[in-house]
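S.K.: Sequence and predicted structure below; questions after.
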Amino acid sequence: IFSDVAGDITIYVDGQSFLLHKFPLVSRSGRIRKMVLDSRDPNVLKLELINVPGGASAFELAAKFCYGTNFEITTTNVAHLRCIAEYLEMTEDYQEENLILRTETYLNEIVMQSLEKSLEVLCSCEGLLPVAEEIGIIDRCIDAIAVNASKEQLVSGLAHLEFEGGSGKLRMNCQDWWVEDLSVLKIDLYQRVIAAMRRTGVRSDSIVTSLMHYAQTSLKSVERRQIWDSGLLIGENQRFIVETLVGLLAKEKLTQLPLSFLFGMLRMAIEVDASLDCRIELEKRIGLQLEMASLDDLLIPSLQTSDSVFDVDTIHRILVNFLQRVEEEGSEESSQCGYESDGQGAKSPSHSSVLKVGRLMDGYLAEIAPDPYLKLQKFMTIIELLPDYARVVDDGLYRAIDIYLKAHPSLTESECKKLCNLIDCQKLSQDASNHAAQNDRLPVQMVVRVLYFEQLRLKTSLSGNFGDSSFSQRIVNSSGVPSAAMSPRDNYASLRRENRELKLEISRMRVRLSELEKEQAVMKQGMRDGRSGEHGKAFFASISKESNLKVRGSHKDRQKGRVGEDRSDRKSRSRSRSRSRTAGAEAASSPFSMAVASPNSHFSTAMERTGQWVFSQEVPADVVVEIGDSRFPLHKFMLVARSGYMRRWILEANPSEVVRVDLSGLPGGAEAFEKAAKFCYGVNFEITVHNVAALRCAAEYLEMTEEADPGGGSSSLARRAEEFLSQAALKTLPGAAAVLRSCEEGLLPWAEELRIVQRCVDVIALKACNESNFPTRSPPEWWAAELAALGPASFQKVLSAMRSRGASPQSLATAVAAYAELSLPDLLPGRAGSAATAVAGAGAGDHSRRRALLESIVSLLPPDRDAPLPVGFLCLLLRAAIALAVSTASRRELERRIAASLDQAAAADLLAVALDPAGERVTDLDSIRRIIAGFVEHEAAAGAGAGGLLYGGGAALCSAAMQKVARTVDAFVSEIATDVDLSVSKFAGIAGALPKSSRHFDDDLYRAVDIYLKAHSDLDEIEREKVCSVMDPLRLSYEARLHAAQNKRLPLQIVLHALYYDQLKLRSSSASQPQAAAAPKQHGDASLTRENEALRSELARMRLYVSELERTNAPALAASKSSSATPGPPKKPTTFFASVSRKLGKLNPFRHGGAKDTSMLNDDAAAGGVDVTKPRRRRFSISHIPGPGMEVKSVWELLAGNRRQGAAARNLIR
């Protein structure tokens, strides 16, 4: 049509032109008719349509309709046609059956009759606002969706009733097919659809399922760093979605919302910083059904870097809501029962919920207790919040408090007492009491209370009266009458019989309890909607797993959470939803490079630097740039177009001569100028993280900026470099570190003036803090290696920035350790003597530089109380400090840090400090002595602060750290004892630096003394006695005393001491054996009595719990049948006598011997598993010396004689 008639009107729509004819358009469109009439030149018309709904594609369909061309109206274009028809005023006033009438007919007869088609049209209206809203398409589609959904549910329900008794089966979820389709809507339209469904009577379970599915698809795998790294708009959108969904959930019933779904929404609300009302609503709903939660649900990670690992405040508020609900239910029951409700509160259903929550919170406390940043007040607040009746036994609470004490050794004595006062010692089981009696972390008052209550139970068991507890029962004989006085044999038989009966009854109660629990589970499953439960379990599974993996110690692969992959996922989802969109160009393959092409690329044919630059064979070079030894023959007109600096230089020179320009001060040198010249000539090259800083500085020096190039400012070199910095290089930690390293290579102070250095430092500090808290790669400390490659000045700036951002001391310690190992390769393990070798081979300048570097590293070390560094690393630092002769203050600081954590050191660490570079000769023992002395002072101060328990009195106890250091020092002394140049005074000073009470046995010290005497055979008797004075023969084990008695290198006095103490301990050991054999017989009946008491207590608890279950499941229990089984007897609990004996043994002040009174001595080696039986041949026993009437004191009289008598005594003993 109109093929022979030329177009007489041109219409522009969104930049696209349409050459058309007036007649077809003005006959149907009122807007075009008015525009044509208002035009000044009616012959040639050019019209422009602004804000056309649907754009050029919709106008093209409208033009086809005006020309009478046939096309199909579908659900994808009907909304566009209706809006463009409204825009063009294609009404019936201009022509019958116009476009508005056609589209309205299709909407009413086709679209509004189908839920699926109404949803498709509603989705297509998202880009047609506000026209689609004004003409009412959106409201009509929303109402049609709601009405059709209600109809389908009604029809499905009737069909199900019709075929319920027949053989045909219908799918129960067939009416919910539209749940997934609603997820493609935006949140504002989705909110209006849900509101319309509520008005039309759509079932609440379907609405809840739709809400959960929408949340699953819209908020899937969203993390805090991904949201805020992607821009403010995405973060606001996610927050709006969460708040809107929570507002919609607030109108649903409580029983229809799965608890896992609510916890997932709460985690998401915390991550996106949702409003306070949104979080409070979720916390209230969770608190109303907290007894159904699991431990993994409660472990919500905290997003505050300086706070604890888990969000304890949120759990506290949830627990408060739960207790308020329990209190309200209790008040309602009391008001209904009146004065007859006495004693029923503890047996109500709310009490069962409290018991479940009590067990749940005990597990939660045990999980958060190892967190070193968890404050004591928060931990105690959670414990104090639950009432006393929430725990039948306090074993779980005791376990959590014990873990907290172990993870927080810095608590004061008063804080430990306050925390342990929350435990009810009467509620501890036998195993927990046994453990508490031997727990050194508990305060003494707590241990005394545990022992006191156990002693009361023991006395009650032995007397046959089991207290006034409701769980206790008296022993009865076969006739049912309480037993009177019995013989020991009859009493034991009665106890055994009662023990068997109790075990049998407990087995029956266990079977009954398992049946009741199964019935209760079946009842709950029948009341719960299965479909909602499935959606609730599936929702936010990935989010919960990823959030828990951040704080629970297991370091799994987190590459799925990286920003690059999340962006690709979002792009793929966007392409699947909008199939009509065309695919864009692919992104660059490398995130750290960008190909740069100049708009003047058509000027260049070839350009390579081989000593001469050739632009063209016909055009000679007219300017020569010199940078050091490099020369660049170039052309003026190519340089002046891009560089303001070169333009001024060339304009000031003689135009008839070859201009020579000296750019020796150019930042980046010849390489940076080469790329800048390529940019001027239009030659493509690649910008990377290694050259972008040099290009940016060179562009600023050469004035290749937007101001110097008005015509091509958008493509200037400075602009290109800035875009690469902001879009690629400064997006990741490795990229920013590479840029900062390139700035150190001759780009200062240009890089600082352009703020490249500061921007890199800020990015590195931010990324390093994030990686230290939530690592995304393996190993988790990969970021420290990136920081270690920086220069000293840059590293110090990064460390200061990390401190200002609140980085943890442990993160700072990791960074400093990695930096020191990379900056001083002499510290690498396995390079003995490398430090001294490097110092000897280095010049004076390098020596001073390395000394200054090491002193700066020492000054950057974080406080050791916050993040103690590995003591091996500190020893290596001290070794390098000694070799480099650093300042005394730096060496004392390293020695102080090593002394503070000396209990973590090994003998090899101390040897690395003391030995020479070759590892053969001792060179520095003064540092080792100062380190040990500092450790002893630290431990003495700690012991004085603990009330004098560690170092008070003559029989002082010693800490575990002191004992460990004593073993380390003994091993160290054994290694250096072979040095022939080691003097007696230095050996004795190191071996005797620790107090004697730090060693239970002096076997290791005796070994070191023996090695020293063997290596120094020329010592006289006085010197050997001085060497042996560092050990105590009383603390030698049986094997060590046996070896010392035959050791010819020891002085005679030490040999006689060993023989005398060995004789006394053997006699004491033989005398105590009959008593030890009689002890089990005396306590046999008491042990069995105690076991029976524990069985009765357990049986009473089981009966109480069974009665609660029976009352809860009364309808189900009426139809159930009782059954019984007889499983094997429970494991016999351990007796309490062993734990009490061990605890009392530790508190015995005479355990270590006290003064020289040896009448109460026992062989301590027997406690460690050493065989102390007397040898068959007692060659070295003083009581077997030949001669009538010879006693021990006659041997001691030999010591007063001369050397000849002493030698005779030695031969006599042998």
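M.R.: Arrived safely, thanks for sending.

S.K.: got the contact list for the helix or strand that contains L47?
M.R.: According to DSSP states H and E, L47 maps onto strand 45-49. Outside of strand 45-49, the residues within contact range by Cβ atoms under 8 Å, 6 or more residues apart in numbering are 8-13, 22, 32, 35-36, 39, 59, 87. All C-beta spots, glycine's among them, are computed from the backbone N, C-alpha and C.

S.K.: Need the residues you listed in CSV (columns: neighbour count).
M.R.: Shown next, in CSV, are the contacts of strand 45-49 (neighbours: other Cβ atoms under 10 Å):
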residue, neighbour count
D8, 14
I9, 20
T10, 14
I11, 22
Y12, 14
V13, 21
K22, 15
I32, 26
M35, 18
V36, 16
S39, 14
F59, 22
Y87, 20
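
S.K.: Quick one, which of the residues you listed has the minimum pLDDT?
M.R.: Here the lowest pLDDT out of the contacts of strand 45-49 sits on S39, with 76.

S.K.: Can you give me the neighbour number for the nearest residue in space to that one that is not next to it in sequence?
M.R.: The spatial neighbour of S39 that comes closest, neighbours along the chain excluded (Cβ to Cβ, 6 or more residues apart in numbering), is L45 at 5.4 Å. For L45, the count of nearby residues is 17 (other Cβ atoms under 10 Å).

S.K.: Relative to I84, how far out is L45?
M.R.: 20 Å (Cβ to Cβ, to the nearest Å).

S.K.: how much space between T923 and W783?
M.R.: 38 Å.

S.K.: er, L1005 I mean
M.R.: Applying Cβ to Cβ, the value for L1005 to W783 is 45 Å.

S.K.: per the record, what domains does this structure have?
M.R.: Domain segmentation of the chain under automatic domain parsing yields 593-727, 926-1081+1151-1200.

S.K.: re the thing from before, export the contacts of strand 45-49 to TSV and tack on distance to I898 and secondary structure?
M.R.: TSV is the format used below for the contacts of strand 45-49 (distance: Cβ to Cβ, whole Å; DSSP: H, G, I helix; E, B strand; the rest coil):
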residue	distance to I898	secondary structure
D8	96	coil
I9	91	strand
T10	87	strand
I11	85	strand
Y12	81	strand
V13	79	strand
K22	96	helix
I32	90	helix
M35	89	helix
V36	94	helix
S39	93	coil
F59	81	helix
Y87	82	helix
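
S.K.: what's the closest of those residues to L290?
M.R.: Y87 (56.1 Å; Cβ to Cβ).

S.K.: how about the closest one, what does it touch?
M.R.: 31, 49, 52-53, 131.

S.K.: quick one: G287 from C83, how far?
M.R.: Taking Cβ to Cβ as the measure, G287 falls 48 Å from C83.

S.K.: Repeat that for A274.
M.R.: Applying Cβ to Cβ to A274 and C83 gives a distance of 35 Å.

S.K.: So which residues of this protein form strands?
M.R.: For the chain, the strands defined by DSSP state E cover 9-13, 16-20, 45-49, 593-596, 623-627, 630-634, 659-662, 685-688.

S.K.: returning to what we had before: mean pLDDT for the domains of the chain: which is lowest?
M.R.: Lowest mean pLDDT of the domains of the chain: domain 926-1081+1151-1200, a mean of 66.

S.K.: coming back round to it: neighbour count: A274 and C83, which is higher?
M.R.: For A274 versus C83, neighbours defined as other Cβ under 10 Å are more numerous around C83 (26 against 22).

S.K.: Find the nearest non-adjacent residue to that one, please.
M.R.: Sequence neighbours aside, P53 is the residue nearest to C83 in space, at 3.8 Å (criterion: Cβ to Cβ, 6+ apart).

S.K.: Pull the number of nearby residues for the one you found.
M.R.: Burial of P53 is recorded as 24 neighbouring residues (other Cβ under 10 Å).

S.K.: my guess is it meets P130, correct?
M.R.: No. Here P53 lies out of contact with P130, judged by Cβ atoms under 8 Å, at a distance of 9.1 Å.

S.K.: Would you map the helices across the stretch 301-450 of the chain?
M.R.: For the stretch 301-450 of the chain, helices defined by DSSP state H, counting those that start in this stretch occupy the ranges 312-337, 349-368, 376-385, 395-407, 413-420, 430-437, 444-463.

S.K.: out of those helices, which comes closest to E703?
M.R.: For E703, the closest of the helices of the stretch 301-450 of the chain is helix 312-337, at 56.2 Å, according to Cβ to Cβ.

S.K.: which of the residues in the strand holding L47 are buried?
M.R.: Neighbour counts over strand 45-49 (16 or more other Cβ atoms under 10 Å) mark 45, 47, 49 as buried.

S.K.: just the angle between it and strand 9-13, please?
M.R.: Using axes from the mean of the first three to the mean of the last three Cα atoms, to 10 degrees, the direction of strand 45-49 lies 20 degrees away from that of strand 9-13.

S.K.: out of everything not next to it in sequence, what's closest to F59?
M.R.: Leaving aside its sequence neighbours, F59 sits nearest to V13 (Cβ to Cβ, 6+ apart; 4.7 Å).

S.K.: Could you do C1028 as well?
M.R.: Nearest residue to C1028, sequence neighbours excluded (Cβ to Cβ, 6+ apart): I1054, at 5.0 Å.
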